[in-house]
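Trainee: sequence unknown, structure follows:
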């Protein structure tokens, strides 16, 4: 709005001067303005997250500290950061053509720079390559959910393989980057004196039991069946933590997105060939994101029209054989908010 004009002001100045809000500051190009907009959005959205006490120290440090710090000295990390942030803003403003082109442009630049860096890898550029690889893996995760029906193989299996590549890269880089060389075990505990949303747990346990019973009719090896049971145990553990009122969202998110790294690799192979029970179990892992009462970690949850849980669940449903569509009833009810956790449980 305009500033009030003093009655003592001369008549010449009473007529408001025409002013355009789209004027570009002298010496600043349109691409610079896009980058400023993206960096502002990244900083504001990451640092405004609710503070949580968590065992996922690297998880916090990476997004709050390492990524922005390294981006200022590495063109590779900067492009990966700007590409991922463009993708997030595009989900909030889907008609913004500038964001649509910048998301792909920055991502493409980052991929080219990453490939070049891999060909001439040195210890001094190892950390930027690892951090860029993390950003590109998250880009793949979110980009999958910008499609109408994301394929579960692209969403989970490709992202899983990219994360394995990050671990291999860190291990090859020597002890100076040891903190990146393994998936840290995140300890998330049930709050003391918490109350459990038993109604949700009963529904989830009944659903999981029915799903696992159908394994007996699947023509897969016992190792694969055991891996499915292990995956189910991981999901039920996360269900219980959320239903107990646990507020360590960063730790819970870390447990969710790394679940494939804690189960036998033959489970990933079942996903790769499209086994319906493995896909149905995967859907139950993804809906855990929708059960949290805070989804501000957009690099995990997605945002706007590209929220990961509903997009991923519908993508899995589209690939599910007709005779196994029943396995998607529970995940669909969760994303439709017909089944949810009462987050008043666990509050003291």
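Mentor: Nice, I can see it. This is a predicted model, so every value here is computed, not measured.

Trainee: mind listing what residue 121 touches?
Mentor: Residues counted as contacts of residue 121 (CB atoms under 8 Å, 6 or more residues apart in numbering) are 129, 172-173. The C-beta positions use only the backbone N, C-alpha and C, and glycine is treated the same way.

Trainee: tell me the mean pLDDT for stretch 87-106?
Mentor: Mean pLDDT, computed over stretch 87-106, is 91.

Trainee: got the end-to-end distance for that stretch?
Mentor: Here the two ends of stretch 87-106 are set 10 Å apart, with distance taken as CA to CA, to the nearest Å.

Trainee: quick one: buried residues of that stretch?
Mentor: Along stretch 87-106, the positions that meet the burial threshold by neighbour count (16 or more other CB atoms under 10 Å) are 87-91, 98-100, 102-103, 105-106.

Trainee: quick one: buried residues of the helix or strand where residue 253 lies?
Mentor: Assigned by DSSP states H and E, residue 253 falls within helix 249-257. Of the residues in helix 249-257, those buried under the neighbour-count criterion (16+ other CB under 10 Å) are 249-257.

Trainee: ok, residues contacting stretch 299-313?
Mentor: Residues from elsewhere that reach stretch 299-313, judged by CB under 8 Å, 6+ apart: 63, 84, 88, 91-94, 138, 141-142, 144-147, 150, 152, 155, 253, 256-257, 283, 286-287, 289-290, 295, 328, 331-332, 334-335.

Trainee: Can you measure across that stretch, start residue to end residue?
Mentor: Its first and final residues considered, stretch 299-313 spans 18 Å by CA to CA.

Trainee: ranges for the helices of the stretch 201-348 of the chain?
Mentor: Read by DSSP state H, counting those that start in this stretch, the stretch 201-348 of the chain holds these helices, from start to end of the chain: 222-243, 249-257, 265-272, 276-291, 298-301, 308-319, 329-335.

Trainee: and stretch 62-81, which residues are buried?
Mentor: Buried residues in stretch 62-81, counted by 16+ other CB under 10 Å: 62-63, 66-68, 70-71, 74, 76-81.

Trainee: Just the ones of those in helices?
Mentor: Counting by DSSP state H, those place 67-68, 70-71, 76-81 in helices.

Trainee: Does residue 158 touch residue 143 like I think?
Mentor: No: contact status for residue 158 versus residue 143: not in contact, 10.2 Å apart, counting by CB atoms under 8 Å.

Trainee: out of these two, which sits in the busier spot?
Mentor: In terms of neighbours (other CB atoms under 10 Å), residue 143 is the more surrounded of residue 158 and residue 143; the figures are 20 against 16.

Trainee: so where does the more buried one fall, helix or strand?
Mentor: helix 126-144.

Trainee: What helices and strands are in contact with that helix?
Mentor: If contacts are counted by 3 or more CB pairs under 8 Å, 6 or more residues apart in numbering; DSSP states H and E, helix 126-144 sits against helix 67-71, helix 75-92, helix 97-119, helix 159-172, helix 298-301, helix 308-319.
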